[in-house]
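>>> Dropping the sequence and predicted coords here.
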Amino acid sequence: MRKQAFSPKTASEVRSMLRAVVWSDHKGVPTAPRLQNNFVEIAGKTGTARIMEPGVGYTNKLRVTFTGFFPYDKPMYSCIVVFN
């Protein structure tokens with residue numbers, strides 16, 4: 001078994017990308033702007049998927065998620081939020 005999944009340099013780059021999901025603009029529109037606040041710097045990843053129903057297939061219903069960690073500089077907590 002490996003003791004680490006990737007190099008410290010790669011880990012730093014991934015952390016920066018996860019921070020950008022909340023704090024940077026993507027084509028002029030922040031991806032997760034409602035998570036910005038003056039108390040804690042949050043980083044993470046958003047996701048959206050169509051929900052499949054047995055016998056029906058994929059519907060127009062969505063499952064929306066955010067998985068993240070905070071505070072960014074010295075992570076202490078992680079979370080996942082799922083909306084159906």
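Perfect, I can see it now.
>>> list the buried ones in the lengthiest strand in the chain?
Using DSSP state E to define each element, the chain has its longest strand at strand 57-70. Across strand 57-70, burial judged by 16 or more other C-beta atoms under 10 Å covers 66, 68, 69, 70. (Each C-beta comes from the backbone N, C-alpha and C, glycine too.)
>>> check contacts around the first one.
Contact criterion C-beta atoms under 8 Å, 6 or more residues apart in numbering gives 32, 35, 44, 45, 46, 47, 79, 80, 81 as the residues in contact with residue 66.
>>> Can I get the longest strand of the chain in PDB, CA atoms only?
Provided in PDB are the C-alpha atoms of strand 57-70 (Å, rounded to 0.1, in the frame of the first residue of the first chain):
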ATOM      1  CA  GLY A  57     -34.500   5.800 -17.100                       C
ATOM      2  CA  TYR A  58     -32.900   9.200 -16.600                       C
ATOM      3  CA  THR A  59     -35.200  12.000 -15.600                       C
ATOM      4  CA  ASN A  60     -35.000  15.800 -15.400                       C
ATOM      5  CA  LYS A  61     -34.600  15.500 -11.700                       C
ATOM      6  CA  LEU A  62     -31.100  16.400 -10.400                       C
ATOM      7  CA  ARG A  63     -28.800  15.400  -7.600                       C
ATOM      8  CA  VAL A  64     -26.500  18.400  -6.700                       C
ATOM      9  CA  THR A  65     -23.500  17.900  -4.500                       C
ATOM     10  CA  PHE A  66     -20.700  19.800  -2.800                       C
ATOM     11  CA  THR A  67     -17.800  18.100  -1.200                       C
ATOM     12  CA  GLY A  68     -15.300  20.300   0.600                       C
ATOM     13  CA  PHE A  69     -13.000  21.100   3.500                       C
ATOM     14  CA  PHE A  70     -12.200  24.100   5.700                       C
END
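>>> Name the strands paired with the very next helix or strand once past it and say parallel or antiparallel.
Helices and strands here follow DSSP states H and E; after strand 57-70, the next one along the chain is strand 77-83. Sheet pairing for strand 77-83, assigned by DSSP bridges, gives strand 57-70 (antiparallel).
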